[in-house]
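Chemist: Model the structure of this input:
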Amino acid sequence: MKILTPEEMRKCDAYTTEKEGIDENTLMERAGHAVVRTIVEEFRTGGKNMLILCGNGNNGGDGLVMARELSDLGYHVNVLMVLGISKLSMGNRKNLELLSHYPVKIAVCNETNLKESGICFSDKPYDIIVDSIFGTGLYKKIPKYIDEFLETINKSPAIKIAVDVPTGINCENGQLLAENPFQADLTVSFAFPKTGSLVFPAREHVGKLRIAYIGIKNDTPEKIGWEPKFLMNEKTAGKLIPKRNSSGHKGTFGKVVVIGGSGQYRGAPVLSAKAAFTTGCGMVNLVSASKEMEPYSFPELIRHEVINYANDGEYLSYCNFDEISEIIAGKDVMILGPGLGRQYSTSMLVMNLLENTDIPVVLDADGLYALSETSVKIPESRMANMVLTPHIKEFSRLCKIPIDIIERNYIQIGKEFAVKTGCTLVLKSSTTVIFTSQGEAILNVSGNSGLAKAGSGDVLAGIIGGFIAQGCSTLRSAQLGVFMAGLSAEIYADENPEHTFTPSKVIEYLPKAFKHICEIN
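Modeler: Down below sits the predicted model:
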């Protein structure tokens with residue numbers, strides 16, 4: 001599914017009216033009707049006492065269209081013109097005039113009377129409250145009196161529905177523009193989802209997101225110069241899962257080598273190895289310096305203990321390069337970095353492995369640290385066969401940009417990094433984004449807070465590596481790996497308290513995630 005910025009959406013609207021001949025009023029009618037249809041579908045048995053909050057632009061006009069249709073359907077509708085009526089758009093004014101012929105109570109409000117308006121606090125509580133105030137065009141803090149009013153609205157037990165985007169969020173970058181953004185249970189967005197609605201902190205105010213067709217063609221984004229952004233979903237996952245060859249053997253399904261672990265972090269590479277195996281690859285080798293690792297904690301694992309006698313086997317170092325290179329020979333993918341350690345000699349080992357091998361690499365954890373802290377530059381031809389999996393702090397080290405700046409604009413910054421370096425970048429966050437070297441961004445919204453645990457990144461690296469071993473491209477493996485890890489967490493949370501989730505449970509619930517995808521595709 002394509003994702004657009006607010007500016008790109010405005011260009012699509014303009015293209016549709018100017019080139020396709022569908023005028024603005026028709027789009028407004030369709031938008032209002034789409035929300036009404038959604039309300040009827042989602043809340044068939046709900047009450048019918050409704051409050052619609054309208055602004056003075058076209059988003060408010062959508063709300064006025066809704067008021068007419070809902071009144072026709074037997075709803076008891078009250079409308080608040082939250083910003084007054086002195087600066088209405090043409091479409092809004094036309095719909096306000098049309099609404100005057102319907103049995104709908106309309107209150108025109110301003111800064112002084114909004115909070116005290118009797119229509120807001122009628123004796124009969126509202127069943128549904130609709131936010132149709134600002135829409136996608138909001139880029140600055142909302143007026144204080146609107147903010148305070150929304151604080152009261154949010155306390156209402158009514159079902160809350162946002163039209164296109166909840167008031168108080170920036171739907172380009174997901175930042176909050178209010179102390180009390182409208183807390184939607186459901187958001188109905190038109191034509192395409194907007195970037196800011198899919199990332200935090202805005203995302204937690206969106207609720208369930210539904211996308212409504214209003215007549216804007218699916219190929220319109222390409223015609224207005226859209227920068228490719230997509231939403232990863234179950235349908236795409238079903239297409240990407242590797243097909244199994246019934247006559248295949250362990251070599252058919254690929255060989256993974258995990259290089260990681262140290263005296264301090266013994267479990268990290270084992271998590272990666274188990275995750276890779278669970279995706280369906282045929283063989284997993286683990287190269288580690290940890291002497292104390294229990295050899296039979298994972299009996300299927302082929303374990304290579306490489307000892308650096310200069311440090312009593314506590315960590316791998318550059319002097320182990322030749323031995324490790326021999327182990328890597330013939331493997332299909334290398335997972336490099338989980339629990340490896342940050343000693344200088346270890347970082348030099350990482351960089352030499354990157355420079356002197358040509359198999360695909362999933363670079364994670366201390367592998368990323370080595371890349372960010374050394375002066376060695378990896379050529380773009382090599383980066384093209386690499387997946388980098390940093391969280392925000394690790395990415396800040398890689399690109400030398402402060403964390404707070406990244407958090408405000410991480411889609412654009414991530415895209416620029418991937419294009420510049422030529423890698424596939426998996427920028428891990430509450431909304432993880434996969435970036436391609438061609439400038440595409442793929443947003444993933446599967447998962448939950450249970451994944452915010454030490455070790456989740458090690459598991460994700462293993463899942464991605466397991467898919468690469470089976471023949472998926474680095475990009476498709478990254479997409480599928482991120483989505484399936486998140487889906488595992490969601491399935492776990494359906495059966496257990498979310499906070500009890502651990503990274504090992506991602507591996508345990510992966511089979512259920514595969515089954516779910518196969519059943520719906």
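Chemist: For Asn95, list the residues it contacts.
Modeler: Met28, Gly61, Leu64, Val65, Arg68 (CB atoms under 8 Å, 6 or more residues apart in numbering). C-beta coordinates here come from the backbone N, C-alpha and C atoms, glycine included.
Chemist: Ile224: which of the residues you listed is nearest?
Modeler: Minimum distance to Ile224 across those is 19.8 Å, recorded for Met28 (CB to CB).
Chemist: got the contact list for the closest one?
Modeler: Asn58, Gly61, Asp62, Val65, Gly91, Asn95.
Chemist: cutoff 10 Å now
Modeler: Contacts for Met28 (CB atoms under 10 Å, 6 or more residues apart in numbering) come out as 58-62, 64-65, 89, 91-92, 94-95, 214.
Chemist: Using JSON lines, please lay out the contacts of Asn95 together with secondary structure.
Modeler: Formatted as JSON lines, those follow (DSSP: H, G, I helix; E, B strand; the rest coil):
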{"residue": "Met28", "secondary structure": "helix"}
{"residue": "Gly61", "secondary structure": "helix"}
{"residue": "Leu64", "secondary structure": "helix"}
{"residue": "Val65", "secondary structure": "helix"}
{"residue": "Arg68", "secondary structure": "helix"}
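Chemist: Show me which residues of stretch 4-11 are buried.
Modeler: By neighbour count on 16 or more other CB atoms under 10 Å, the buried set for stretch 4-11 is Leu4, Thr5, Pro6, Glu8, Met9, Lys11.
Chemist: Pro511: which of the residues you listed is nearest?
Modeler: Out of the buried residues of stretch 4-11, the member with the shortest distance to Pro511 (by CB to CB) is Leu4, at 35.8 Å.
Chemist: what bridges to that closest one?
Modeler: Lys194 (DSSP bridges).
Chemist: quick one: it and Arg10 touch, right?
Modeler: Yes: judged on CB atoms under 10 Å, Leu4 makes contact with Arg10 at a distance of 9.3 Å.
Chemist: Name the residues contacting each of the two.
Modeler: Contacts common to Leu4 and Arg10, judged by CB under 10 Å, 6+ apart, are Thr136, Ile224.
Chemist: Where do the helices of the stretch 151-300 of the chain begin and end?
Modeler: With DSSP state H, counting those that start in this stretch, the ranges of helices along the stretch 151-300 of the chain come out as 220-223, 234-240, 268-279.
Chemist: Repeat that for the stretch 401-521 of the chain.
Modeler: Under DSSP H, counting those that start in this stretch, the stretch 401-521 of the chain gives helices at 403-408, 410-421, 456-469, 474-495, 503-520.
Chemist: Indicate which one of those is closest to His101.
Modeler: Comparison of those against His101 by CB to CB identifies helix 410-421 as nearest, at 45.1 Å.
Chemist: okay, that closest one in CSV with CA atoms only?
Modeler: Taking Å, rounded to 0.1, in the frame of the first residue of the first chain, the C-alpha atoms of helix 410-421 are listed here in CSV:
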residue,chain,number,x,y,z
TYR,A,410,13.8,9.8,10.4
ILE,A,411,12.1,8.8,7.2
GLN,A,412,13.9,11.4,5.2
ILE,A,413,17.2,10.9,7.0
GLY,A,414,17.0,7.1,6.7
LYS,A,415,16.3,7.4,3.0
GLU,A,416,19.2,9.7,2.4
PHE,A,417,21.6,7.3,4.2
ALA,A,418,20.5,4.2,2.3
VAL,A,419,20.8,6.0,-1.0
LYS,A,420,24.2,7.4,-0.1
THR,A,421,25.7,4.2,1.1
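Chemist: what packs against it?
Modeler: helix 380-383, strand 386-388, helix 392-399, helix 403-408, strand 424-427, strand 432-435, strand 441-444 (3 or more CB pairs under 10 Å, 6 or more residues apart in numbering; DSSP states H and E).
Chemist: got the contacts of Met28 as a markdown table, with distance to Leu425 and pLDDT columns?
Modeler: A markdown table is the format used below for these (distance: CB to CB, whole Å; pLDDT from 0 to 100):
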| residue | distance to Leu425 | pLDDT |
| --- | --- | --- |
| Asn58 | 36 | 95 |
| Asn59 | 34 | 96 |
| Gly60 | 40 | 97 |
| Gly61 | 40 | 97 |
| Asp62 | 37 | 98 |
| Leu64 | 44 | 98 |
| Val65 | 42 | 98 |
| Ser89 | 40 | 95 |
| Gly91 | 41 | 95 |
| Asn92 | 42 | 96 |
| Lys94 | 47 | 96 |
| Asn95 | 45 | 97 |
| Ile214 | 33 | 96 |
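Chemist: By mean pLDDT, which helix or strand of this structure comes out lowest?
Modeler: strand 302-305 (a mean of 74; mean pLDDT, DSSP states H and E).
Chemist: and that one, which residues are buried?
Modeler: Arg303, His304.
Chemist: who does that strand pair up with?
Modeler: Here, using DSSP bridges, strand 302-305 pairs with strand 283-288 (parallel).
Chemist: got the angle for the partner strand vs helix 268-279?
Modeler: Angle of strand 283-288 versus helix 268-279, following axes from the mean of the first three to the mean of the last three CA atoms, to 10 degrees, is 180 degrees.
Chemist: Quick one: work out the angle between strand 283-288 and helix 456-469.
Modeler: Going by the same axes, to 10 degrees, strand 283-288 makes 140 degrees with helix 456-469.
Chemist: how about low-confidence regions in this protein?
Modeler: 116-123, 290-297, 305, 307-313 (pLDDT under 70).
Chemist: on that earlier part again, comparing the helices of the stretch 151-300 of the chain, which comes out most buried?
Modeler: When the helices of the stretch 151-300 of the chain are scored by mean count of other CB atoms under 10 Å, the highest mean neighbour count falls to helix 268-279 (a mean of 28).
Chemist: tell me the most buried of the helices of the stretch 401-521 of the chain?
Modeler: helix 456-469 (a mean of 30).
Chemist: Report the angle between that helix and helix 503-520.
Modeler: Using the same axes, to 10 degrees: helix 456-469 against helix 503-520 is 40 degrees.
Chemist: Send me helix 456-469 as PDB with only the CA atoms.
Modeler: Presented in PDB, the C-alpha positions along helix 456-469 are these (Å, rounded to 0.1, in the frame of the first residue of the first chain):
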ATOM      1  CA  SER A 456      14.900  -8.700  20.000                       C
ATOM      2  CA  GLY A 457      17.500  -7.300  17.600                       C
ATOM      3  CA  ASP A 458      19.500 -10.500  17.700                       C
ATOM      4  CA  VAL A 459      16.400 -12.500  16.800                       C
ATOM      5  CA  LEU A 460      15.500 -10.100  14.000                       C
ATOM      6  CA  ALA A 461      19.000 -10.400  12.500                       C
ATOM      7  CA  GLY A 462      18.600 -14.100  12.500                       C
ATOM      8  CA  ILE A 463      15.200 -14.100  10.900                       C
ATOM      9  CA  ILE A 464      16.400 -11.800   8.100                       C
ATOM     10  CA  GLY A 465      19.500 -13.900   7.600                       C
ATOM     11  CA  GLY A 466      17.400 -17.100   7.400                       C
ATOM     12  CA  PHE A 467      15.300 -15.700   4.600                       C
ATOM     13  CA  ILE A 468      18.400 -14.500   2.700                       C
ATOM     14  CA  ALA A 469      19.800 -18.000   2.900                       C
END
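Chemist: Now Pro269: closest residue in space that isn't a chain neighbour?
Modeler: Gly260 (3.5 Å; CB to CB, 6 or more residues apart in numbering).
Chemist: Now do the contacts for that neighbour.
Modeler: 266, 268-273, 286-290, 316, 335-341, 364-367, 458, 461.
Chemist: Relative to the whole chain's centre, how far out is stretch 368-379?
Modeler: Here the centre of stretch 368-379 is set off from its chain's centre by 27 Å, with CA atoms, centre = their mean, to the nearest Å.
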